[in-house]
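Student: No letters, just coordinates:
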């Protein structure tokens, strides 16, 4: 026995007293299976059979009935899965009512073989949490969730705009394969003028009116060296079919989506200004060269409270930027990144890493080049994304701005000027009004508001009708 004890000590065996304590078993717990229109609840305890509540509506009335039943049964803990956006209303209602509401990630739930019913799912949820077999998920405060919704809507609009731009270029390439070489930046200032002139001067029956297009582009002020390539490309183009109408419609769609994008950016800036914690977080993130308002707000909304992470490894593991591990005996295989957590966070971090690798911090660029030589470009971008995430987490935890040890005095001054420019731009967006009016409402305002006409330098929009002179001739009454 003594020899066995010594062997266990030398091989690194753990004493029983050093093992983590098992979580206490709750007395009563309610599992809630949430769907789009309905919910199923199961209240379980040690001495009774599960109390199943079926047919509860997923609205204020149905959750209020569940809340009253929980109070009657003396159950103060509710466990639910994160099923899309359908859990949010029930979570907020029960949490405000004083119920300890726990959210469980669906990935931590194991599949149950056999009959899968809503009743079994609710009972299984409650059993797992009572026995401490699942960990609760982090639910940020409501104002951070609102910011998260805004940033994710902005991401969808940007993806839609990218799809429309690709469609427009595809239509141009059907009859002019070399037009994309005429401008360096797709949908830049000169490129947009060329595409608009091209779309408005394409006739399905007559083809492309090259002379009219070139005359219009010269009036727009496009440099002559670019016009030579455009004219040469148009002379060698095929006969288009309905591409002109499709290109023009794509430009109109892009304009509408651009207005919606600007409105969401203004709304995000105002939301940040209204909450001090978000304002402090975003101002700290903007001190990193390569992070603008969009990336800073996305990181702030997806990260939430930085103090809930113990170290940099835990925050990198939470967002899936660590390699997956397969271990069996002495063999350990490191695979691709686990990709757990928010994909929105990984996407924005990769975009920030691409910017920093090109023209960002000298210290981070030098570190990126070293990794790139050993592992290649793609792995270096992912590694830089993880490094940026850990740096950002440490900055927010300690409430300190970014400092580059390899930056000289001149670049430091430029970085400070860029930081002030970011803050000024965000402040201007927060003060901008996003109220839109129709054409008829604008005409009515111009016609009726004298002060507005004076500010715009307009005396009169609609001529004031002169009063019709009233005849004062009196007619004699007939005899």
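Tutor: Now that the structure is in, tell me what you want to look at. These numbers come from a predicted model, not from an experiment.
Student: Only C-alpha atoms from now on, for both contacts and neighbour counts.
Tutor: Fine.
Student: Show me the domain layout of this structure.
Tutor: 28-130, 146-266, 276-431 (automatic domain parsing).
Student: Of all those domains, which one is nearest residue 449?
Tutor: domain 276-431 (23.5 Å; CA to CA).
Student: That closest one: end-to-end distance?
Tutor: 16 Å (CA to CA, to the nearest Å).
Student: Would you pull up how far that domain lies from the middle of the chain?
Tutor: Distance, stretch centre to chain centre, for domain 276-431: 16 Å (CA atoms, centre = their mean, to the nearest Å).
Student: returning to that earlier point: out of the domains of the chain, flag the one nearest residue 137.
Tutor: Among the domains of the chain, the nearest to residue 137 by CA to CA is domain 28-130 (5.3 Å).
Student: which residues of this protein fall in strands?
Tutor: Assigned by DSSP state E, the strands in the chain fall at 28-34, 38-45, 51-57, 77-81, 100-104, 202-203, 207-208, 323-328, 331-337.
Student: Mind putting those strands into TSV with distance to residue 279 and mean pLDDT?
Tutor: Below are those laid out as TSV (distance: least, CA to CA, whole Å; pLDDT from 0 to 100):
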stretch	distance to residue 279	mean pLDDT
strand 28-34	34	91
strand 38-45	38	91
strand 51-57	38	90
strand 77-81	31	92
strand 100-104	27	91
strand 202-203	50	70
strand 207-208	52	72
strand 323-328	33	82
strand 331-337	32	84
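Student: would you turn the ones you listed into JSON lines with mean neighbour count and distance to residue 303?
Tutor: Below are the strands of the chain laid out as JSON lines (neighbours: other CA atoms under 10 Å; distance: least, CA to CA, whole Å):
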{"stretch": "strand 28-34", "mean neighbour count": "26", "distance to residue 303": "25"}
{"stretch": "strand 38-45", "mean neighbour count": "23", "distance to residue 303": "30"}
{"stretch": "strand 51-57", "mean neighbour count": "16", "distance to residue 303": "32"}
{"stretch": "strand 77-81", "mean neighbour count": "25", "distance to residue 303": "20"}
{"stretch": "strand 100-104", "mean neighbour count": "19", "distance to residue 303": "17"}
{"stretch": "strand 202-203", "mean neighbour count": "20", "distance to residue 303": "50"}
{"stretch": "strand 207-208", "mean neighbour count": "18", "distance to residue 303": "52"}
{"stretch": "strand 323-328", "mean neighbour count": "11", "distance to residue 303": "20"}
{"stretch": "strand 331-337", "mean neighbour count": "11", "distance to residue 303": "19"}
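Student: weakest of the domains of the chain in terms of mean pLDDT?
Tutor: Across the domains of the chain, domain 146-266 has the smallest mean pLDDT, namely a mean of 82.
Student: Neighbours of the closest residue in space to residue 158 that isn't next to it in sequence, how many?
Tutor: Spatial nearest neighbour of residue 158, chain neighbours left out: residue 261 (7.6 Å); criterion: CA to CA, 6 or more residues apart in numbering. Using other CA atoms under 10 Å, residue 261 has 19 neighbouring residues.
Student: My read is that residue 261 contacts residue 155, right?
Tutor: No: using CA atoms under 8 Å, residue 261 is not in contact with residue 155, being 9.3 Å away.
Student: Quick check: residue 96 vs residue 63, distance?
Tutor: Where residue 63 is concerned, residue 96 sits at a distance of 12 Å (CA to CA).
Student: hmm, I was thinking of residue 172
Tutor: Distance from residue 172 to residue 63, by CA to CA: 55 Å.
Student: Compare these two (neighbour count), which wins?
Tutor: Per other CA under 10 Å, whichever of residue 172 and residue 63 has more neighbours is residue 172, with 23 against 20.
Student: Show the contacting residues for the more buried one.
Tutor: Residue 172 sits next to 179, 243, 247 when contact means CA atoms under 8 Å, 6 or more residues apart in numbering.
Student: Verify the stated contact: the first one with residue 230.
Tutor: When you say that, I think you mean residue 179. Yes: the criterion here is CA under 8 Å, and residue 179 meets it with residue 230 at 6.8 Å.
Student: Quickly list what's touching both of the two.
Tutor: Common neighbours of residue 179 and residue 230 (CA under 8 Å, 6+ apart) do not exist.
Student: Once you drop chain neighbours, what's closest to residue 289?
Tutor: residue 360 (5.6 Å).
Student: what about that neighbour, distance to residue 414?
Tutor: To residue 414, residue 360 is 12 Å away according to CA to CA.
Student: Which of the two has more residues huddled nearby?
Tutor: The neighbour comparison of residue 360 against residue 414 (other CA under 10 Å) goes to residue 360, with 18 against 11.
Student: ok, that one touching residue 290?
Tutor: Yes: the pair residue 360 / residue 290 is scored as a contact, 5.7 Å apart, by CA under 8 Å.
Student: end to end, how far does stretch 101-118 reach?
Tutor: For stretch 101-118, the end-to-end distance is 19 Å (CA to CA).
Student: Test my guess that residue 278 contacts residue 272.
Tutor: Yes: taking contacts as CA under 8 Å, residue 278 lies within contact range of residue 272: 5.5 Å.
Student: and the residue lying closest to residue 315 once chain neighbours are set aside, how many neighbours?
Tutor: In space, and not counting its chain neighbours, residue 315 is closest to residue 309: 6.0 Å by CA to CA, 6+ apart. Residue 309: 14 surrounding residues under other CA under 10 Å.
Student: what do you get for residue 157?
Tutor: 18.
Student: can you tell me how far it sits from residue 371?
Tutor: 34 Å.
Student: ok, back up a step: identify those among the contacts of residue 172 that sit within helices.
Tutor: 243, 247 (DSSP state H).
Student: Identify, from the contacts of residue 172, the entry nearest to residue 47.
Tutor: For the contacts of residue 172, the nearest to residue 47 is residue 247 (70.2 Å; CA to CA).
Student: is it true that the closest one touches residue 199?
Tutor: Yes: using CA under 8 Å, residue 247 is in contact with residue 199, at 5.7 Å.
Student: The two - which one has more neighbours?
Tutor: The neighbour count for residue 247 versus residue 199, taken as other CA under 10 Å, is higher for residue 247 (25 against 22).
Student: Quick one: residues contacting the more buried one.
Tutor: Taking CA under 8 Å, 6+ apart, we find residue 247 in contact with 168, 171, 172, 195, 199.
Student: same question, residue 251
Tutor: 168, 196.
Student: Quickly note the distance from it to residue 257.
Tutor: For residue 251 relative to residue 257 (CA to CA), the value is 10 Å.
Student: do residue 140 as well
Tutor: Residue 140 is 29 Å from residue 257, where distance means CA to CA.
Student: Could you do residue 406 as well?
Tutor: According to CA to CA, residue 406 stands 41 Å off from residue 257.
Student: Settle it for me: which of these two has more neighbours?
Tutor: residue 257 (17 against 13).
Student: Contacts only, for the more buried one.
Tutor: Applying CA under 8 Å, 6+ apart, the residues near residue 257 are 157, 161.
Student: tally of neighbours for residue 152?
Tutor: Neighbours around residue 152, by other CA under 10 Å: 15.
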